[in-house]
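Engineer: attaching a predicted model along with its sequence, questions to come.
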Amino acid sequence: MDSHRTLVSASVASLCFLLCFCMTHGELQRFIEPAKSDGSISFITIGDWGRRGDFNQSVVAYQMGRVGEKIGLDFVVSTGDNFYDNGLFSEHDPNFKESFSNIYTAPSLQKQWYSVLGNHDYRGDAEAQLSHVLREIDSRWTCLRSFIVDAELVEIFFVDTTPFVKEYYTEEDGHTYDWRAVPTRNSYVKALLSDVEASLKKSKATWKIVVGHHAMRSIGHHGNTVELVEELLPIMKENGVDIYMNGHDHCLEHISDEDSPIQFLTSGAGSKAWRGDVDPTTNNPKSVRFYYDGQGFMSARFTHSDAEIVFYNVFGEVLHKWVTSKQLLHSSV
């Protein structure tokens, strides 16, 4: 028995690419992504993408592969709406391979993908995307409702934002949602906020990032998500969060908070975009650093002292770059 335990412990300790710890009740599940030998972490953020390669999804995927090779990609962050139009109908839905495995084929993209659910994902079988069956089909796939990626100097807190939005419970938008895991909106959101707050307070990471599907700040089609601004944003401000990343609006966007160092970064342009409906009055124009209503994605690189965020279009061209330093108290150039 002792030798068996020793073997198991050694096997667990040897997992250097991806290590998942089972957390106690009330804590978010945690995944470990070790930093590179130079102490840096690099990842790509993409959202609103799963359309079987259509609407330039395949072209964006090709450019992601090129950038991923250049930056030494460690993993990919997906901000939700992973499969259109209505998520997956089961864990055996061919849309999983047709929109994911068969599209993101570049060598540099053969890393772990960490995904949250979007509102379109909730319109299908939301449980299917969380299933271990998908991980057996493609081992890159990791999708949970809410969880943490611990990349040493960076901690990324993935938050299930769809249950926050009150409109979805009334079906005023003409759609039904898979609420099997959400007994009531208030109890689910209250418990999730408590878990997120507790995890943020414990974090000793240099950089704290929160990822959700819905935008807190946006001048795009959907605009600000009031429920997140009222319920999640205060917790982020109180606990030193640096960046909020999201999808939902099919655009690329960078907005600064008016009374904190938090930066709001939208990367929801993985396929269908070009809506053309922009309302700059939804946020202070002075806080809007960048907006692009077309397809593309975002890369991020972090060291203990510096962060670099770069937005790319469908041609792989750099549209916007933001660099900040902890030593410079979040000033940017």
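Structural biologist: The structure has been received and is ready for your questions.
Engineer: just read off the phi/psi values of residue 289.
Structural biologist: As for residue 289, its main-chain torsions (degrees, to the nearest 10) stand at phi -90, psi -30.
Engineer: ok, now which ones touch it?
Structural biologist: Counting by Cβ atoms under 8 Å, 6 or more residues apart in numbering, residue 289 touches 254, 255, 256, 320, 322. (Glycine included, C-beta is placed from N, CA and C.)
Engineer: contacts only, for the last one.
Structural biologist: To tie it back to what came earlier, the one meant is residue 322. By Cβ under 8 Å, 6+ apart, the neighbours of residue 322 are 254, 263, 289, 290, 308, 309, 310, 332.
Engineer: between the residues you listed, which is closest to residue 103?
Structural biologist: residue 310 (21.7 Å; Cβ to Cβ).
Engineer: and the end-to-end length of stretch 294-312?
Structural biologist: End-to-end distance of stretch 294-312 (Cα to Cα, to the nearest Å): 10 Å.
Engineer: please read the previous query as pertaining to stretch 203-214.
Structural biologist: Using Cα to Cα, the end-to-end distance of stretch 203-214 comes out at 23 Å.
Engineer: just stretch 279-290 next, same as before
Structural biologist: End-to-end distance of stretch 279-290 (Cα to Cα): 13 Å.
Engineer: residues of it that come out buried?
Structural biologist: For stretch 279-290, burial by neighbour count (16 or more other Cβ atoms under 10 Å) applies to 282, 283, 288, 290.
Engineer: now do the contacts for the third one.
Structural biologist: Meaning residue 288. Neighbour list for residue 288: 219, 253, 254, 255, 280 [criterion: Cβ under 8 Å, 6+ apart].
Engineer: show me which of the contacts of residue 322 are buried.
Structural biologist: By 16+ other Cβ under 10 Å, these give 254, 263, 290, 308, 309, 310, 332 as buried.
Engineer: tell me the one among the residues you listed nearest to residue 64.
Structural biologist: residue 310 (12.2 Å).
Engineer: quickly list what the closest one is bridged to.
Structural biologist: residue 299, residue 321 (DSSP bridges).
Engineer: any idea of the pLDDT on it?
Structural biologist: Residue 310 is assigned 98 on the pLDDT scale.
Engineer: hey, where'd the helices end up in the protein?
Structural biologist: With DSSP state H as the criterion, the chain has helices at 2-13, 57-71, 95-96, 119-122, 126-129, 132-137, 167-170, 185-202, 226-231, 233-238.
Engineer: the residue lying closest to residue 312 once chain neighbours are set aside: how many residues sit nearby?
Structural biologist: Spatial nearest neighbour of residue 312, chain neighbours left out: residue 296 (5.2 Å); criterion: Cβ to Cβ, 6 or more residues apart in numbering. Counted with other Cβ atoms under 10 Å, residues neighbouring residue 296 total 26.
Engineer: right, I'll leave it there.
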